[in-house]
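Asker: here's a sequence, model it:
(one chain, ligands or ions: 2)
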Amino acid sequence: MKILKLRSGGEMPIVGYGTWTASGDVLENALNEALKSGYRHIDTAYLYKNECTIGKVLNEWISSGRVTRDDLFVVTKLPAYATRPEDVEKYLKESLQNLGLNYVDMYLIHSPFGLFAKDQTDLDTMVIDYDTDHLAIWKVMEKQVDCGRTKAIGLSNFNAKQVQKLLDYSRIKPDNLQVEHHIYLQQTELVDFCRDNGIVVTAYSTLGTKDGKKRLNLNWSKGVPEILENEVVLRVASKHGKTPAQIVLRFTIQKGVVVIPKSTNSQRLVENIQIFDFELDAQDVEDLERQDVGDKGRLWWFTIFAGVKDHPEYPFPKEI
Ligand SMILES: NC(=O)C1=CN([C@@H]2O[C@H](COP(=O)(O)OP(=O)(O)OC[C@H]3O[C@@H](n4cnc5c(N)ncnc54)[C@H](OP(=O)(O)O)[C@@H]3O)[C@@H](O)[C@H]2O)C=CC1
Ligand SMILES: O=C1CO[C@H](CO)[C@@H](O)[C@@H]1O
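Answerer: Ligands and ions are numbered 1, 2, ... in the order given. Below you'll find the predicted structure:
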């Protein structure tokens with residue numbers, strides 16, 4: 001497994017295990033399979049309501065001596081409805097309690113816009129908090145590193161301007177930016193910007209988030225086929241004798257971007273980590289790069305949260 005060095009000294013495996021939409025026994029079994037297959041980087045979030053299950057499995061692996069805590073790289077996130085300085089410590093402590101861990105390896109601000117939640121289990125009850133203050137929140141994020149609750153801190157769904165502001169004013173720089181990234185939304189400028197500033201990029205929804213799309217009714221504004229049915233992906237897959245998922249994941253890690261595919265299927269999760277025994281050539285890369293349609297390829301506009309486009313820290317173009 002290739003490991004990326006973080007500015008703060010940590011080591012982030014370039015393939016992680018995504019867990020959004022997974023829970024209960026299905027997640028418990030799948031995470032056991034994932035750990036057996038070599039996954040050591042696990043991506044979760046307070047919002048996913050699955051930290052307890054993940055913590056149970058990880059602690060079984062640690063206490064049985066199959067892994068040490070040091071072998072693992074655990075990422076969790078401050079929820080959008082807690083994007084306020086006074087909530088950071090409280091929610092990180094709760095995540096640690098859920099996970100049964102003393103620290104996480106990476107704590108991310110899940111989204112640049114803050115919300116208030118009447119009912120945390122119901123996205124429809126979220127309303128905009130217009131007073132989101134990134135610098136004030138970041139100061140408390142830094143304190144979490146000082147206290148040892150997290151080894152590193154980072155961001156998710158922030159745009160380059162928002163990241164730059166934190167780079168300019170922070171004591172501890174963001175180590176990681178997690179964003180939507182796949183063949184239709186390749187985010188070349190943002191990825192280059194992060195590379196130039198020592199920030200590791202993590203790609204989410206790289207396979208096209210099939211179950212997520214269904215759950216939240218997400219859609220591309222440009223009529224494009226499902227990522228795993230794209231004809232260039234299929235052609236490159238057959239050329240290398242690999243699956244479409246392996247091709248798009250390989251394409252992403254060849255660019256030095258971390259992937260965190262989600263699968264609760266024991267065959268598919270193994271397939272998703274077996275991407276180190278082949279290489280895409282310059283022609284494959286060029287053909288796949290041509291699939292980029294920029295913001296028309298974005299699935300995640302976060303309009304699941306009513307009025308979010310009016311938030312002063314809304315990170316994406318309001319019109320495309
Ligand atoms: N920071 C943020 O705002 C966000 C972060 N994330 C993180 O990123 C992770 C990955 O993104 P996610 O949106 O879940 O979507 P993915 O792009 O990882 O796609 C997951 C879907 O692909 C299917 N799948 C997985 N492997 C294969 C395969 N080899 N062949 C065919 N189908 C496959 C899964 O089904 P099955 O399980 O049946 O295999 C599931 O339906 C999340 O789980 C979460 O941890 C995601 C969204 C937003
Ligand atoms: O990571 C994510 C997955 O799902 C959430 C909604 O249910 C999103 O808000 C989010 O960013």
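
Asker: buried residues of stretch 21-40, list them for me.
Answerer: Residues 21-23, 27-28, 30-31, 33-35, 39-40 are the ones in stretch 21-40 that count as buried (16 or more other CB atoms under 10 Å). Just so you know, the C-beta spots here come from the backbone N, C-alpha and C atoms, and that holds for glycine as well.

Asker: enumerate the residues of the stretch 51-200 of the chain near ligand 1.
Answerer: Residues of the stretch 51-200 of the chain found near ligand 1 (CB under 6 Å from any ligand atom) are 110, 156-157, 178.

Asker: circling back to that earlier point, what's the closest of the buried residues of stretch 21-40 to residue 168?
Answerer: residue 40 (33.3 Å; CB to CB).

Asker: what about stretch 21-35 and ligand 2, touching?
Answerer: No. Stretch 21-35 is not in contact with ligand 2 by CB under 6 Å from any ligand atom; minimum separation 8.0 Å.

Asker: can you give the distance of that stretch from its chain's centre?
Answerer: Averaging C-alpha positions (CA atoms, centre = their mean, to the nearest Å) puts stretch 21-35 18 Å from its chain's average.

Asker: CA atoms of that stretch as PDB?
Answerer: Listed next in PDB are the C-alpha coordinates belonging to stretch 21-35 (Å, rounded to 0.1, in the frame of the first residue of the first chain):
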ATOM      1  CA  THR A  21     -24.600   4.600   4.100                       C
ATOM      2  CA  ALA A  22     -23.200   1.600   5.900                       C
ATOM      3  CA  SER A  23     -24.300   0.600   9.400                       C
ATOM      4  CA  GLY A  24     -25.100  -2.200  11.800                       C
ATOM      5  CA  ASP A  25     -24.200  -5.900  11.100                       C
ATOM      6  CA  VAL A  26     -23.600  -5.200   7.400                       C
ATOM      7  CA  LEU A  27     -20.900  -2.700   8.200                       C
ATOM      8  CA  GLU A  28     -19.500  -4.900  11.000                       C
ATOM      9  CA  ASN A  29     -19.100  -7.800   8.600                       C
ATOM     10  CA  ALA A  30     -17.800  -5.700   5.800                       C
ATOM     11  CA  LEU A  31     -15.300  -3.800   7.900                       C
ATOM     12  CA  ASN A  32     -13.900  -7.100   9.200                       C
ATOM     13  CA  GLU A  33     -13.500  -8.200   5.600                       C
ATOM     14  CA  ALA A  34     -11.900  -4.800   4.700                       C
ATOM     15  CA  LEU A  35      -9.300  -5.200   7.500                       C
END
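
Asker: give me the contacts around it.
Answerer: For stretch 21-35, the surrounding residues in contact (CB atoms under 8 Å, 6 or more residues apart in numbering) are 17, 19, 42, 48-50, 53-54, 56-58, 61, 66-67, 211-212, 215, 262-266, 269-270, 273.

Asker: reformat the residues of the stretch 51-200 of the chain next to ligand 1 as a markdown table; add pLDDT.
Answerer: As requested, those are exported to a markdown table (pLDDT from 0 to 100):
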| residue | pLDDT |
| --- | --- |
| 110 | 98 |
| 156 | 98 |
| 157 | 98 |
| 178 | 98 |
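
Asker: just the ones of the residues you listed in strands?
Answerer: 156, 178 (DSSP state E).

Asker: looking at the residues of the stretch 51-200 of the chain next to ligand 1, state which has the most neighbours.
Answerer: Counting neighbours by other CB atoms under 10 Å, residue 178 leads those with 25 neighbours.

Asker: where along the protein do the helices fall?
Answerer: Along the chain, counting by DSSP state H, helices occupy 24-36, 51-63, 85-99, 134-146, 160-169, 188-196, 210-216, 231-240, 244-254, 266-273, 282-289.

Asker: ok, for the residue of the stretch 1-150 of the chain found nearest ligand 1, nearest residue in space, not its chain neighbours?
Answerer: Closest residue of the stretch 1-150 of the chain to ligand 1, CB to the nearest ligand atom: residue 18 (2.6 Å). In this structure, residue 18 finds its nearest non-sequential neighbour in residue 262, 3.4 Å apart by CB to CB, 6 or more residues apart in numbering.

Asker: surely that neighbour meets residue 17?
Answerer: Yes. Contact criterion CB atoms under 8 Å: residue 262 and residue 17 qualify, at 7.5 Å.

Asker: pLDDT value on the residue nearest to residue 289 when sequence neighbours are not counted, please?
Answerer: Spatial nearest neighbour of residue 289, chain neighbours left out: residue 186 (6.8 Å); criterion: CB to CB, 6+ apart. Looking at residue 186, its pLDDT reads 98.

Asker: how many neighbours does residue 186 have?
Answerer: Using other CB under 10 Å, residue 186 has 22 other residues around it.

Asker: pretty sure it sits against residue 292.
Answerer: Yes. When contacts are counted by CB under 8 Å, residue 186 is listed as touching residue 292 (4.2 Å).
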